[in-house]
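[1] After the sequence you'll find the predicted model.
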Amino acid sequence: MALQSLDIIRRSATTLPEPQARGAHTGQVAKLIDVTKCIGCKACQVACMEWNDLRDEIGTCTGHYDNPHDLSDQSWTLMRFAEYENPKGDLEWLIRKDGCMHCADPGCLKACPSPGAIVQYANGIVDFHEENCIGCGYCITGCPFNIPRISKKDHKAYKCTLCSDRVAVGLEPACVKTCPTGAIVFGTKEDMQQHAAERIEDLKSRGFEQAGLYDPEGVGGTHVMYVLHHADQPQLYSGLPEKPKISAMVGLWKGVGKPLGLFAILATAAVGFLHYLRVGRNETDERDEEAARRELEKTP
Amino acid sequence: MNVERKSGEIVRYEFSTRLNHWIVAISFILLALSGLALFHPALFWLTTLFGGGPWTRILHPFLGLVMVLAFAFLAVKLWRYNVLEPRDRQWLRQIDDVLDNREENLPDVGRYNAGQKLLFYAIVLCLLGLFASGIVMWRAYFAFPVEVIRFASLLHAVCALVLICAIVVHIYAAIWVKGSMRAMTRGTVSPGWAWKHHRAWFREVEGIERK
Amino acid sequence: MTNHWVDIKNADVILIMGGNAAEAHPCGFKWVTEAKAHNKAKLIVVDPRFNRSASVADVYAPIRAGTDIVFLGGLISYLLTHDKIQHEYVLNYTDMSFLVKDEFAFDGGLYSGYDAQKRSYDKSSWDYVFGDDGYVKTDPTLQDPRCVYNLLKSHYSRYTIDMVERVCGTPKDKVQQIFEMIASTSTKDRVMTIMYALGWTQHSIGAQNVRIGAMVQLLLGNIGVAGGGMNALRGHSNIQGLTDIGLMSDLLPGYLTLPRQDEQDYHAYLAKRTQKPLRPNQMAYWQNYPKFHVSLMKSWWGEAATADNNWCFDYLPKLDKPYDMLQAYELMNEGKINGYLCQGFNPLASAPNKGKLISAFSKLKFMVSMDPLETETIAFWQNHGALNDVDPSKIQTEVFRLPTTSFAEENGAVVNSSRWLQWHWKGADAPGEARSDIEIMAELFHRMKALYEKDGGAWWDPIRDLAWKYANPHLPTPEELAMEYNGKALADLADPKDPTKLVRKAGEQVAGFAELRDDGSTACGCWIYAGAWGPTGNQMARRDNSDPTGIGNTIGWAWAWPANRRVMYNRASCDPAGKPFDPKRKLIAWNGKAWSGADVPDFNAASNPEDGMGPFIMNPEGVGRFFARGGMAEGPFPEHYEPFDTPLAENPLSPGQPLTLNNPAARVFKSDLAQIGKPDEFPHVATTYRLTEHFHFWTKHGELNSITQPEQFVEIGASLADEIGIANGSRVRVSSKRGHIEAVAMVTKRLRPLTIEGKTVHQVGVPIHWGFLGAAKPGYLANTLTNAIGDGNSQTPESKCILVKVEKA
């Protein structure tokens, strides 16, 4: 939801640039989720529910620790648990906190048809302004990470705000504040990348040769990043996409498609008009009526 | 078709067909406006016509159903007149003559000329595409894999654009060929109009043997 | 904990075994994360289940529930045979060189002195050899076959790595790898910490599980050292406070003990507990027992306690046996206890063998529950279908609910695992009619006293004379109680060394237990808490987190017992000359005149190292014990005995001995013995445990917790699921000799089959937390399955390993 003191640099369905005078000169923000430190305690889920006043249903157990089972309008973040047997034959329990990645190039914002329903702040946070949301779900279509969810109650789209309201007043997101092991940290993107580098060095010293930072270029980088033990196989982490980018189809649809489409319509109309100017109307005159009458008279 | 003479006029469209057409036409206009509103930010203001963004989002698919259903009736009714014939090819070859109003050079035209027939098929195809993709995109009631939805979204846009362009052509043609509008409003054309533009059909309905 | 939560960051190796810190102590677990991130620490997790702690471990090894002594015995054997011990430490700070009586013997799984009829030992042979000077004889060369070192070595020679694999089911390569990692901390500059919890204690050999862990740490020189220690993770926020304040049936506050039935003589009672040094120049701190005891009696009975009446010694009950929870339910079941005041406890859910509890509670005349929540216990008579299938018309127990405030609705101190007394302030008023436990107990006291005054009664002197000096007698405040347990001077206290100097004026709070006297001039409700609310006020409320040395002790934060000491036995972090073994982790050191440093010395601060005082000042030997003497029910060295619900027919460590299949000195009632499961009927080994998402049986009443873990499940290994055709997410029935539950099956690779003595054994995980009341989906009480056999020392039930059968529901 909105907090207007954050500067908006991008706004959905808007043809003109936003006011650009103010910027994030001290650096854009990022949340770093160190999957290798995460113990899956779900404190982040609870903090998210508490801060944002969300209450999902008391559901059922389906044979997994993932509860609730999926993101929803009431669950903006979720621990996903995956069991992985590594080539050495040892088991790994890969627990990933799922939620909005706050892409630098957000597919949701690109797809959104409603002006100002999705915004990107100067600090990098991508936020939904539900008062402008029309409930079409294009954000879901546009998202490479399958994050936004439409509420069954009010048909608005919801997702993690990166606690834009907290960040605006200098606080860290609620999940970061509550994380007991420090697996979730928050700061400038640069600091987080540095912190991640230290973590990766530690992981490599523990035999995780492929440890790395997940900050996918395909979406221009993200403001929520992961430290992964197996950065070469992000899909191990409950299907984290390997090379996420805005789908080419969405790109066509919401990219060149928009101007081309309008142009085609206008061009068709213009061609008609030109034709009218040059050739004029095709009218039936008295001679045609006469010809018709003549033919009719020949008929018995 | 049962042809009745009313003070020398030839009936081209019965009332039910005209009504059917205008249901399609009006729903098309509403669909185009609401669809374009959500298609391009510059046209988002069109949502105001429908009571705002959410109402536009809610109404558009239902209007779509109305149009598809109404058009289906129309298509069934008009299908046999739109079957392509060999002479249509000749007509298309002489498209220059068509555009320059030199109909006298063209072969005789039946109830519909080749252009109209192609338009008919374009509408049929577009509406099939719009209907199928629209269902996929209709999140309030359906859930499809996101890749399918993405493809559907693109397809929906492409079909809609083709359809809108086709209808622009259709409308212009109605304006261009004077008397066409009356055929779809009052239902009748003058014998001269029929003789000039759809001579084969004129002869058919008037029972005139070809010489 | 000997150390404290923050100190875990100083560890080089962390062994989590018999606990699941990430799961049950996620906040404290941050210090494990810290040790890994900034101290390059390696984390080892040994557990029946690949759990949340294992998910961030460097090495995980599976183990069959109830076989920890085999694993750790194997480790001791490995350390001794590979000579991976901290020699200077072991020689100087442990009893390795002490000579043991010739009569002491171990054979076929039994120690000398066993009485099969009584299921207990005559422990007289379990002792040292004493010289004519009254001190223990030693052999510093460790050559004497009767010295503890050689006895230890010989005892654990049977515990080979092969044996570990055979009995625990832990793959040999993992055992080897873990032993090597642990052995790396036998050097002076490397330290391991052990974190354990109820996974070690809830066994019929629970106390010995803990002891053998401590022995490993002594061998490695890891006790008393920053980043080391034996760290018990307490399962409730204030369970440490519960034992400290003496809520065990045989304890008095501050680990003083109640007299037994045969201890009617006050002076004999005191003499037995006032331990004299067993070696020259040792502190033997329990020599001060009379000071603590008399001060306690003065605190309780005030002016009525005088030297003439032995400070009201007669007012204390004399135990014929421990009246712990297992005993109490046994007596209820026998119809011998017929009223039950159940305060802040939900035993129907928490205690073992629900069926027995239902039977026991149904025989009560009345039951009172003091709790903020409606517990299953007070609702035991309600029929909840299959979940609690009782017939209310057949239960005549009258039940009362007294709603109480919760911790957040009152001021007070909570003692955490680190022994910190942290003061907290009321966050909100309690709803409805809830009253604090203090208020209810005060009211109960006044009403009982008034009834005695009106009607009289047999010897109500202890109630009549009870000191009750609170500003509002009906509502003592937590502050008043805190000042009371800290203690105060009842008369002007002169300095014993210089009688002209006044240490403390009458009426002042004492600054520490060193000021306590045995002449009735001081009162103290819990000597180990002396100093918590001293003359300068409430130390528990301190919130100074500065840590100038970086070792993490933050001695200005709250207050730790004893004496605000953060790492116990910290003298052992220095070599005999008083220099830190590892200068990087200096806690205290001898500066030529005194001991000082980043911690409060756990020592006589003025004792010159040359005097040879040992660091383990609570032991009259002054050193740590490998040989427990008569301290344990089962024997001086921990020995493996199978759980009572065991998949094995004989104990691989003492084959062919039916008597030693299970712990021969365990706490066993006949009725429970009849409910032992056998592997032919119940082939699977189950263990019970907690989940992060819930706290015992409280949070199922909370919406947020219930959202994150809504419905009861059991964890079943994929191979067992295949074997019996169970699909993930389907419902299964898990039954034991005591009863059955039904739950959703969570089929997982995290539980793998173990090969035990050539046979495949499947383990099953049964999380607790669900019951027939609350916001979460109703479920069965997991303790329907467990048995009420307990440890012979702590009377803790064996909830952690039971035999079950898993089948499709």
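    Arrived safely.
[2] rest of the way, CA atoms for contacts and neighbours
    OK.
[3] Not counting sequence-adjacent ones, nearest residue to the residue in chain B positioned nearest to chain A?
    Across chain B, the shortest distance to chain A (C-alpha to the nearest C-alpha) belongs to B:Gly192, at 3.7 Å. Sequence neighbours aside, A:Glu289 is the residue nearest to B:Gly192 in space, at 3.7 Å (criterion: C-alpha to C-alpha, 6 or more residues apart in numbering or on different chains).
[4] try C:Asp12
    C:Ala41 (4.3 Å).
[5] Now the residue nearest to B:Gly192, what are its backbone angles?
    With angles defined as degrees, to the nearest 10, A:Glu289 sits at phi -60, psi -40.
[6] residue contacts, the residue of chain B closest to chain A?
    A:284-293 (C-alpha atoms under 8 Å, 6 or more residues apart in numbering or on different chains).
[7] same check, this time on C:Arg273
    For C:Arg273, the contact set (C-alpha under 8 Å, 6+ apart) comprises C:286-287, C:289.
[8] From the residues you listed, pick the one nearest chain A.
    Nearest to chain A, judged by C-alpha to the nearest C-alpha, of the contacts of C:Arg273 is C:Trp286 at 39.5 Å.
[9] quick one, strands of chain B?
    Taking DSSP state E as the criterion, chain B carries its strands at B:5-6, B:9-11, B:188-189.
[10] list the helices and strands the second one packs on?
    This points to strand B:9-11. strand B:188-189, helix B:191-197 (3 or more C-alpha pairs under 8 Å, 6 or more residues apart in numbering or on different chains; DSSP states H and E).
[11] deepest of the strands of chain B, which one?
    With neighbours taken as mean count of other C-alpha atoms under 10 Å in any protein chain shown, the strands of chain B reach their highest mean count in strand B:188-189, at a mean of 22.
[12] And the residue nearest to C:Trp559 when sequence neighbours are not counted, what's its pLDDT?
    Excluding its sequence neighbours, the residue lying closest to C:Trp559 (C-alpha to C-alpha, 6+ apart) is C:Met540, at 4.9 Å. The model reports C:Met540 with a pLDDT of 98.
[13] can you pull the contacts of C:Met540?
    C:Met540 touches C:413, C:420-423, C:532-533, C:557-559, counting by C-alpha under 8 Å, 6+ apart.
[14] what residues are up against the residue in chain A that chain B sits nearest to?
    Minimum separation of chain A from chain B (C-alpha to the nearest C-alpha) falls at A:Glu289, amounting to 3.7 Å. With contact taken as C-alpha under 8 Å, 6+ apart, A:Glu289 is in contact with B:190-193, B:195.
[15] repeat for C:Asp575
    C:88-89, C:581.
[16] so the residue nearest to C:Asp12 touches C:Ile14, yeah?
    Yes - between C:Ala41 and C:Ile14 there is a contact under C-alpha atoms under 8 Å: 7.1 Å.
[17] These two: who's more crowded?
    C:Ile14 (28 against 23; other C-alpha atoms under 10 Å in any protein chain shown).
[18] can you tell if the lengthiest helix in chain B touches chain A?
    If you go by DSSP state H, chain B has its longest helix at helix B:146-176. Yes - with C-alpha under 8 Å from any C-alpha of the partner chain as the criterion, chain A is reached by helix B:146-176 at B:146, B:149-151, B:153-154, B:157, B:161, B:164-165, B:168-169, B:172, B:175-176.
[19] Which elements pack onto that helix?
    Partner elements for helix B:146-176 (3+ C-alpha pairs under 8 Å, 6+ apart): helix A:138-142, helix A:248-254, helix A:257-278, helix B:15-39, helix B:114-137, helix B:180-185.
[20] which other residues reach the third one?
    By that I understand helix A:257-278. B:39-40, B:99, B:161, B:164-165, B:168-169, B:172, B:176.
[21] Could I get those residues in a markdown table, plus columns for pLDDT?
    Putting the contacts of helix A:257-278 into a markdown table (pLDDT from 0 to 100) gives the following:
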| residue | pLDDT |
| --- | --- |
| B:Phe39 | 95 |
| B:His40 | 94 |
| B:Leu99 | 91 |
| B:Leu161 | 96 |
| B:Ile164 | 97 |
| B:Cys165 | 96 |
| B:Val168 | 96 |
| B:Val169 | 95 |
| B:Tyr172 | 95 |
| B:Trp176 | 94 |
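[22] Take the strands of chain B and write them to a markdown table, including mean pLDDT.
    Formatted as a markdown table, these follow (pLDDT from 0 to 100):
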| stretch | mean pLDDT |
| --- | --- |
| strand B:5-6 | 52 |
| strand B:9-11 | 90 |
| strand B:188-189 | 92 |
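[23] Could you dump those strands into a markdown table and include distance to C:Val503?
    As requested, the strands of chain B are exported to a markdown table (distance: least, C-alpha to C-alpha, whole Å):
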| stretch | distance to C:Val503 |
| --- | --- |
| strand B:5-6 | 129 |
| strand B:9-11 | 123 |
| strand B:188-189 | 122 |
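[24] Having no further points to raise, I will conclude here.
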